[in-house]
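# got a predicted structure here, sequence first:
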Amino acid sequence: MDLERFIRTKMSKSNNHEFAISGTPGSPGIVIGKTSLYRRNRPIVSNFRVNDRGVKKQIAEFHEARDRAEKELKQMLEAQNDGSAEELIQTQIEMINDPELCERVESEISEHNQPADSAIQKVFEQYLSVMRQNHEEMYHERSVDIADTRDRLIQILHNHEADEVKQGTILVARELSPREVIEFSDRHIKGIIVDRGGTTSHAAIIARAMNIPMVVGLKNITKILNADKQIVLDGQTGEVIINPGESTLNKYQDLIDQQIQAETDFQAICEKPNVTQDNKPFVLRANIEFAEELSMIKKYKADGIGLLRTESIYLRQEHFGDQQKQQAFYQAIVEGTAPQPVIIRLFDAGGDKLLRGSKKEQNPFLGWRGIRMLLDNEGLLKDQLRAILKTAAEYEGCVRILIPMISTVDQLFQVRELMQSVQQELKDDGVDIDEQVQLGIMIEVPNVALQAEFFAKHADFLSIGTNDLTQYVLAVDRGNERISTLYDQRHPAVWNLINQVAEAGQKTDTPVSVCGELAADPISACCLMGLGINELSMSPTVLPTVKQRLRSRSLSDMKEFSKDVLACDTLDEINELFANWNATNTRADNG
């Protein structure tokens, strides 16, 4: 039974019947409240032909609609205190002012006697169709934003405004654009539920930046759920409870109270120094992909950025080779974190992120991806290096470069040679450069971990990506649900490889960090510290939890713990060891 039939069946039995449905967590947090339904008001476009005398008027109305839409977006941009949505709003402004788009709309009006709204509809649909056919990944990322721009222009032409949403309610919508999330945040909505979208959708990113709990991917919930329905939204688990009973409301109210207290505690923890119980320092950095996440870095006092993913530049922009757009992105990130370091990972296409025009492979995670793809696209790589190095020149000592999917030392040599070549070109052009930009490698491929000491002699730093390392070591596709139980980053083989890399770093005096999900697990973080890795990078939201755990134990305790972990032969033994460590740590916290 599909979700729509299931909910209708449940609701038909009793208007007060409590039941739960599950979506995907979009933004953490728990809220209780009444629902408001939002359907983007998209008027039916005109179907008449404009006579020659009316063409100029239609073109003028189109330009007036553009001017008004741009004015609204600029006002929205100015109202952003932390600048969290600046890039996404700016993208919509650029779209509205795109000369080619304007020329095509004017052409539809003047050459085909189309009214302005019909011309806008046709041009935008042509644009979306081409994108859907040729750039499927980009289409999924940007179609909501493009459709929102189209609909807003048509709304202005028709003098229609958006549906009214009650203050302080939980918004239920088919999909939302970043502009709409920002607009509704001004109405103090408690939370958001959407039919479509994923955790990396632009709407979810903005919701997280604005601390609005959100659940995504609920398919047809807008067709079934009425306005003014009492619900509980859990953005941490992705669960939505409709018609919650008294006991459920009490349970979730307690969780909300705990959440508020935890947030207060987290803020207090963030202000404390990064030292263990016996005063040994550690470094906690953030993994991010979007400029909108900078506010979270500041909030949780991260020590800079341990992993800046750059794929979003490619997926969110039509022209990845546009160095100015790339450089503007890097500058925004580095400026927002300076003087703390920013480790920029080179474009990591392949695997689940296909390069435009590339052919699908039988084993994409073992195929043409990461540095393998970049070295075959030297122009693309040099453009990225040039944009990064120009940024590095403006923020000397802040920028480091990380190479993904390294499997041979020759790949490192090739990138270093290209980097030096780009630096020389910049100097020849009269551009000042930072001569000391560090070049590091991701430890993801098992042979590199096994030869870590050899690679460490040639790299400036090592960063262990435990997500991919685990799937390669265990021969488990981490995205395959049928074998997901076999994928576990706590596996003894993974710990032994991490230990080899840590020892290689110590022998060669090469910094070693961990930027995979293992670092985000508080107990695993203690084990990593015990192995001698005191630089960890993770999602900004888990920084306080990891910091609290690292501060609660001594480094000597962590070293003993890591020895015990390395002595385990099975995952069950490690899980039992972790459970016991957690129990003793909880008692220590309570004590």
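Arrived safely, thanks for sending. Residues are numbered from 1 along each chain as shown.

# only C-alpha atoms from now on, for both contacts and neighbour counts.
Fine.

# spatially, what comes nearest to residue 512 if we skip its sequence neighbours?
Closest residue in space to residue 512, ignoring its immediate chain neighbours: residue 462 at 4.8 Å, by C-alpha to C-alpha, 6 or more residues apart in numbering.

# quick check, pLDDT for that neighbour.
The per-residue pLDDT reported for residue 462 equals 98.

# verify the stated contact: residue 287 with residue 542.
No - here residue 287 lies out of contact with residue 542, judged by C-alpha atoms under 8 Å, at a distance of 10.6 Å.

# out of these two, which sits in the more crowded spot?
Of the pair residue 287 and residue 542, residue 287 is the one with more neighbours under other C-alpha atoms under 10 Å, namely 24 against 17.

# give me every residue that touches residue 584.
Neighbouring residues of residue 584 by C-alpha atoms under 8 Å, 6 or more residues apart in numbering: there are none.

# gap between it and residue 573?
Distance, residue 584 to residue 573, by C-alpha to C-alpha, to the nearest Å: 17 Å.

# please apply the same query to residue 226.
Plainly put, residue 226 is 50 Å away from residue 573 if you go by C-alpha to C-alpha.

# how about the residue nearest to residue 512, phi and psi?
Torsion angles at residue 462 (phi, psi; degrees, to the nearest 10) stand at phi -120, psi 140.

# can you count the residues close to it?
The number of residues packed around residue 462, counting by other C-alpha under 10 Å, is 25.

# off-centre distance for stretch 114-124?
Here stretch 114-124 shows a centroid-to-chain-centroid distance of 34 Å under the convention C-alpha atoms, centre = their mean, to the nearest Å.

# what's the average pLDDT for that stretch?
Mean per-residue pLDDT for stretch 114-124: 90.

# same question, stretch 214-228
84.

# swap in stretch 443-453?
96.

# now do the end-to-end distance for that stretch.
Criterion C-alpha to C-alpha; first-to-last residue distance in stretch 443-453 is 12 Å.

# contacts for it, please.
Counting contacts by C-alpha under 8 Å, 6+ apart, the residues touching stretch 443-453 from outside are 404-408, 455, 462-469, 472-473, 497-498, 500-501, 504-505, 507-508.

# buried residues in stretch 550-569?
The neighbour-count criterion (16 or more other C-alpha atoms under 10 Å) identifies 550-555, 558-559, 561-562, 565-566, 568 as the buried residues of stretch 550-569.

# same list (those) but as CSV, adding pLDDT and distance to residue 181.
Formatted as CSV, the entries for the buried residues of stretch 550-569 read as follows, by pLDDT from 0 to 100; distance: C-alpha to C-alpha, whole Å:
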residue, pLDDT, distance to residue 181
550, 96, 36
551, 95, 37
552, 93, 39
553, 94, 41
554, 96, 44
555, 97, 44
558, 97, 44
559, 97, 46
561, 97, 45
562, 97, 45
565, 97, 45
566, 98, 47
568, 97, 48
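
# check these and tell me the two furthest apart.
551 and 568 (25.4 Å; C-alpha to C-alpha).

# that older thread, among the buried residues of stretch 550-569, name the ones in helices.
Secondary-structure check on the buried residues of stretch 550-569 using DSSP state H: residues within helices are 550, 551, 552, 555, 558, 559, 561, 562, 565, 566.

# which helices and strands does the helix or strand residue 537 falls within pack with?
When secondary structure is defined using DSSP states H and E, the element that contains residue 537 is strand 535-538. Under the contact criterion of 3 or more C-alpha pairs under 8 Å, 6 or more residues apart in numbering; DSSP states H and E, the helices and strands touching strand 535-538 comprise strand 283-288, strand 305-308, strand 512-514.

# returning to that earlier point: wait, which of the ones in helices among the buried residues of stretch 550-569 is closest to residue 250?
With C-alpha to C-alpha as the yardstick, the closest approach to residue 250 among those comes from residue 552, at 31.6 Å.

# Provide the secondary structure category for the closest residue to that closest one other than its chain neighbours.
Of all residues not flanking residue 552 in the chain, residue 277 sits nearest, at 5.6 Å (C-alpha to C-alpha, 6+ apart). Using DSSP: H, G, I helix; E, B strand; the rest coil, the structure places residue 277 in coil.

# what segments of the stretch 251-400 of the chain are strands?
Chain-ordered strands for the stretch 251-400 of the chain, with DSSP state E, counting those that start in this stretch as the definition, fall at 283-288, 305-308, 342-345, 399-403.

# averaged pLDDT, the second one. What do you get?
Per-region confidence: strand 305-308 scores 96 on mean pLDDT.

# the closest residue to residue 338 other than its chain neighbours: neighbour count?
Distance criterion C-alpha to C-alpha, 6+ apart; nearest residue to residue 338, sequence neighbours excluded, is residue 398 at 6.7 Å. Other residues near residue 398 number 23, with proximity taken as other C-alpha under 10 Å.

# and residue 398, what does it touch?
So residue 398 contacts 334, 338, 339, 340, 341, 342, 392 (C-alpha under 8 Å, 6+ apart).

# residue 33 now?
Taking C-alpha under 8 Å, 6+ apart as the criterion, residue 33 is in contact with 168, 169, 170, 190, 230, 231, 232.

# can you list the strands that the helix or strand hosting it pairs with?
Using DSSP H and E, residue 33 maps to strand 30-38. Strand 30-38 pairs in its sheet with strand 170-173 (parallel), strand 230-234 (antiparallel), by DSSP bridges.

# for residue 183, find the nearest of the ones you listed.
Put simply, out of the strands paired with strand 30-38 the one that sits nearest residue 183 is strand 170-173, at 12.0 Å, with distance taken as C-alpha to C-alpha.

# hmm, who's touching that closest one?
Where contact means C-alpha under 8 Å, 6+ apart, the residues beyond strand 170-173 that reach it are 33-39, 165, 189-195, 221-222.

# output the below-cut-off pLDDT ranges for the stretch 201-350 of the chain.
Low-confidence segments of the stretch 201-350 of the chain, defined by pLDDT under 70, are located at 314-322, 350.

# what are the boundaries of the helices in it?
Taking DSSP state H, counting those that start in this stretch to define them, one finds helices in the stretch 201-350 of the chain at 202-209, 221-224, 246-270, 294-299, 311-316, 323-337.

# other SSEs contacting the third one?
Spelled out, that is helix 246-270. Using 3+ C-alpha pairs under 8 Å, 6+ apart as the contact criterion, the secondary-structure elements in contact with helix 246-270 are strand 30-38, helix 543-552.

# residues of that helix that come out buried?
Under the neighbour-count criterion of 16+ other C-alpha under 10 Å, helix 246-270 has 249, 252, 253, 256, 266, 269, 270 buried.

# tilt between it and strand 30-38?
Here helix 246-270 runs at an angle of 110 degrees relative to strand 30-38 (axes from the mean of the first three to the mean of the last three C-alpha atoms, to 10 degrees).

# low-confidence ranges in the stretch 401-550 of the chain?
Low-confidence segments of the stretch 401-550 of the chain, defined by pLDDT under 70, are located at 478-481.

# redo the helices and strands packed on strand 535-538 as CSV? Include distance to residue 99.
What follows is those, written out as CSV (distance: least, C-alpha to C-alpha, whole Å):
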stretch, distance to residue 99
strand 283-288, 32
strand 305-308, 32
strand 512-514, 45
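
# which of these sits closest to residue 430?
Nearest to residue 430, of all those, is strand 305-308, at 28.0 Å by C-alpha to C-alpha.

# what lines up beside that closest one in the sheet?
Here strand 305-308 is paired, per DSSP bridges, with strand 283-288 (parallel), strand 342-345 (parallel).

# of all those, which one is nearest residue 491?
strand 283-288 (22.9 Å).
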